[in-house]
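Visitor: The sequence and its predicted three-dimensional model are supplied below.
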Amino acid sequence: MPGSFAAHAMRYCLNPTCKEPQNLDSAECCQACGSSLRLQHRYCAIALIGQGGFGRTFLAIDGGGVGSGEWGVGAAGGAGEQEDHPLGSQTLERKSLSSEPTLCVIKQLLPQSTIAAERKAAIALFHQEAQRLKELGDHPQVPALLNAFEDGQFYLVQEFVEGQNLEQVLAEQGAFAETAIWQLLEQILPVLKFIHDRHVIHRDIKPANLIWQRDDEDSRLVLVDFGAAKLVQPSDYLQTGTSIGSAEYVAPEQARGKAVFASDLYSLGITCIHLLTNLSPFDLFDSANDGWAWQSYCVEPVSNRLAAILDRLLQNALSRRFQSAAEVMGAIEESRVRNQKSGAQSNGESPLLTTNNQKIATLSTPHSPLPTPHSPAIAPWHCAHIFTGHTACVNAVALSPTRAIVASSSEDKTIRFWDLQTGSVTTAVLDHVQAVRAIAFSPDGEMIASGGQDRAVVLTRKWYLDVAGRSELLGQHTQAVTSIAFAPSGQLLASASRDKTIKFWDLATKAEVCTLKGHRLNVTAIAFSPDGRFLASASADHTVCLWTTEANLNIQMRFTFTDHVGTVQAVAFSLDSQLLATGGDDRTIKLWSTQTGRLLRTLPGHSWTVSALKFTPDGSTLISASWDGTLKLWALSNDYSEPAIVLTGHSDSVNAIALSTDGKTLISGSSDKTIRIWQIAG
């Protein structure tokens, strides 16, 4: 973080009627109006960074609170407000491990209207934004919600995203090159897919709400300001809502109060042509012909390939527009393949959104021969069953090692147990009150662990006897739990979180025994090696850490792998623990030696994010799943760069896979709300 807190020699009064809000840094009360300059005894505004019709946004310092570093529970505002509080009847306050201050962002709601209905609508937007940020904040390109409370006014406290928004970049550097637009699309479309999969329409996509976050090793676009976001219910498609959004970027149907997911895509298209031309969207619309006339105003001509994508994003008629972010991503990939087949030169790299001077695309790295055993050709697979019943995305699946039972967890806040033969199901919430992101069976099959958006790590013993009555809370992370893994011994459980840490839990004492801190951004996936010697962790910081784990919990960092150029979403060990497979947003799969740390091979992977990986028991085959909706089986005993088998059938992202101990049954969970059971034919 550049500079220091000492450089901020001012404190800003948050009293909306204060005539002289700036105060010296040493002041505790405003010298002009006498108001306290500290919210909740910890937050101090230091600069006004934004102001709109519903409120103001401040850069602030979080001075920390007392406590041991856990999340405490405090009352949510004044009397009569608790039932409507955005975080429920209680608010979660993060208590700092030290008194070291950190930057954050404070959003203050200022309903201007004296009309009761309008004030109620403005306050409802505040509640809505808090709820949306709480649910969506585990994505590395969405700012986390740290707190929400009432202190005279309503306040949201968010993670500070350091960087410039694209409106500022445009003002400083001028019109964007085509390569920068391609990278913008590649970075933001997965974020839109993520929020749309969770039934949220952002409704205010524009350059000012896209922040270019960068440091010495990384850069990414972050989508901010969910104040206009809308949670979509099935009945909403039949109703007319409020017209909201920024006029220059709003879709026609959204202006009529009927926003749909494709409305965000329309706004994204306008954002792109604004950045390409450096002209107001109002000046690019041809009213006489009721369409966009933008290409002739581009500072540099764009390819027909990009023009075709943008023109379809900008269609006024919904029937002619892309319907989903996944559809846009598929069209981009198809156009890329056609472009390569035609022999055209691929676009170069943009100086704007470059990550380590490497393109976020399908990469191929020279590799050494893999130490894999000889194996016969991969047998054909088929889909034997499709389980339906979840009402939202399936986030994780697990297969019991002792029973023919599949467990699945979902954005619908439930965990379901399915009979592998009959498809019959028992639903258990297991004390989770928000989306469940991770589940795992213990090695003896007697316990199941789970974690999710509510930050809780829950252990359920004898789950097959009495699910509802035997769950217990092991503890909590300070942000959403993203991954769960049992040690092969069955004595320890590891949990990973968006709070950048990995916690170890002793299952005998139910105590937290160790916390690992090795990543700069959220930890996305963890896995133990079958021999118990290693733990692998993947992160949004583009790295994979390989830790040595010993019986006395003397855990040490062995290797850090840095060859990925996007968020790493998946890790998996071979059965002999000699190989580690990793994959993620750069669409590649990389194979590493756990003994030497060498990169052995890079597979071209998928057309979109690699979300899950599994080795077959004999080590001859690697199975990968992807947001492109497919599963691929790779024969590791040869040097081919193409998968031996591609399994299709899911209509949306495949988010998780599980494999039986004999390697003959494969389970996949998807954003299409289904679970597919794949078996070797015959």
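Guide: Received it, and whenever you're ready, just let me know what you need.
Visitor: For residue 276, what are phi and psi?
Guide: The phi and psi values for residue 276, taken as degrees, to the nearest 10, are phi -70, psi -30.
Visitor: distance of the closest residue to it other than its chain neighbours from residue 47?
Guide: Nearest in space to residue 276, with sequence neighbours left out and distances taken as CB to CB, 6 or more residues apart in numbering, is residue 298 at 4.9 Å. Any C-beta I mention is one placed from the backbone N, CA and C, and that applies to glycine too. For residue 298, the distance to residue 47 (CB to CB, to the nearest Å) stands at 36 Å.
Visitor: neighbour count winner among those two?
Guide: residue 298 (19 against 13; other CB atoms under 10 Å).
Visitor: Give me the pLDDT value at the more buried one.
Guide: At residue 298, the pLDDT value in this model is 89.
Visitor: residues contacting it?
Guide: Taking CB atoms under 8 Å, 6 or more residues apart in numbering, we find residue 298 in contact with 175, 276-277.
Visitor: pLDDT for those residues - can I get that in TSV?
Guide: Compiled in TSV, those are given as follows (pLDDT from 0 to 100):
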residue	pLDDT
175	91
276	94
277	92
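Visitor: Tell me which residues touch residue 39, please.
Guide: Here residue 39 is in contact with 14, 45, 106, 151, 155 (CB under 8 Å, 6+ apart).
Visitor: Give me the spatial nearest neighbour of the fourth one, chain neighbours excluded.
Guide: With CB to CB, 6+ apart as the measure, residue 39 is the residue that lies nearest to residue 151, at 5.3 Å, once sequence neighbours are left out.
Visitor: any idea how far residue 30 is from that neighbour?
Guide: On the measure of CB to CB, residue 39 and residue 30 end up 13 Å apart.
Visitor: same deal with residue 162?
Guide: 28 Å.
Visitor: what about these two, which has more around it?
Guide: Legend: neighbour count by other CB under 10 Å for residue 162 and residue 30, higher for residue 30 (20 against 14).
Visitor: Does that one touch residue 37 like I think?
Guide: Yes - counting by CB atoms under 8 Å, residue 37 is a contact partner of residue 30 at 6.0 Å.
Visitor: Need the residues touching each of these two.
Guide: 13, 23.
Visitor: Could you list the low-pLDDT ranges of the stretch 351-500 of the chain?
Guide: For the stretch 351-500 of the chain, the stretches with pLDDT under 70 are 351-379, 429-431, 465-469.
Visitor: Quick check: the gap between the nearest residue to residue 285 once chain neighbours are set aside and residue 279.
Guide: In this structure, residue 285 finds its nearest non-sequential neighbour in residue 292, 5.9 Å apart by CB to CB, 6+ apart. Per CB to CB, residue 292 is found 11 Å from residue 279.
Visitor: and the residue nearest in space to the middle of the chain, what is it in contact with?
Guide: With distances taken as CA atoms, centre = their mean, residue 139 lies nearest the centre of the chain, 2.2 Å away. By CB under 8 Å, 6+ apart, the contact list for residue 139 reads 191, 194-195.
Visitor: how about those in a markdown table, adding distance to residue 253?
Guide: Converted to a markdown table, the contacts of residue 139 look like this (distance: CB to CB, whole Å):
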| residue | distance to residue 253 |
| --- | --- |
| 191 | 22 |
| 194 | 22 |
| 195 | 18 |
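Visitor: Columns secondary structure and pLDDT on top of those residues, output as JSON lines?
Guide: Shown next, in JSON lines, are the contacts of residue 139 (DSSP: H, G, I helix; E, B strand; the rest coil; pLDDT from 0 to 100):
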{"residue": "191", "secondary structure": "helix", "pLDDT": "93"}
{"residue": "194", "secondary structure": "helix", "pLDDT": "90"}
{"residue": "195", "secondary structure": "helix", "pLDDT": "91"}
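Visitor: What average pLDDT does stretch 279-290 get?
Guide: On average, the pLDDT along stretch 279-290 is 83.
Visitor: Okay, now the unreliable bits of the stretch 201-350 of the chain?
Guide: 215-218, 227, 233-245, 340-350.
Visitor: can you give me the strands for it?
Guide: Ranges of strands in the stretch 201-350 of the chain, per DSSP state E, counting those that start in this stretch, are 210-214, 219-223, 230-231, 285-286, 291-292.
Visitor: Compare those strands and give me the one nearest residue 679.
Guide: Closest approach to residue 679 among the strands of the stretch 201-350 of the chain is made by strand 230-231 (38.0 Å; CB to CB).
Visitor: residue boundaries of the helices in the stretch 451-600 of the chain?
Guide: Under the criterion DSSP state H, counting those that start in this stretch, the stretch 451-600 of the chain contains no helices.
Visitor: Likewise for the chain?
Guide: With DSSP state H, the ranges of helices along the chain come out as 116-136, 166-173, 178-197, 252-255, 261-277, 281-284, 304-313, 325-341.
Visitor: isn't residue 148 right up against residue 155?
Guide: Yes - the pair residue 148 and residue 155 passes the contact test of CB under 8 Å, sitting 7.0 Å apart.
Visitor: looking at the helices of the chain, which is buried most?
Guide: helix 261-277 (a mean of 25; mean count of other CB atoms under 10 Å).
Visitor: CA atoms of stretch 583-594 as PDB?
Guide: Only the C-alpha atoms of stretch 583-594 are listed here, as PDB (Å, rounded to 0.1, in the frame of the first residue of the first chain):
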ATOM      1  CA  GLY A 583      -5.600 -25.400 -12.500                       C
ATOM      2  CA  GLY A 584      -7.500 -22.200 -12.600                       C
ATOM      3  CA  ASP A 585      -8.600 -19.000 -14.400                       C
ATOM      4  CA  ASP A 586      -5.700 -19.100 -17.000                       C
ATOM      5  CA  ARG A 587      -7.400 -22.300 -18.300                       C
ATOM      6  CA  THR A 588      -4.300 -24.400 -18.000                       C
ATOM      7  CA  ILE A 589      -3.500 -27.500 -16.000                       C
ATOM      8  CA  LYS A 590       0.000 -27.800 -14.600                       C
ATOM      9  CA  LEU A 591       1.700 -30.900 -13.100                       C
ATOM     10  CA  TRP A 592       4.400 -30.500 -10.500                       C
ATOM     11  CA  SER A 593       6.800 -32.800  -8.800                       C
ATOM     12  CA  THR A 594       6.200 -32.700  -5.000                       C
END
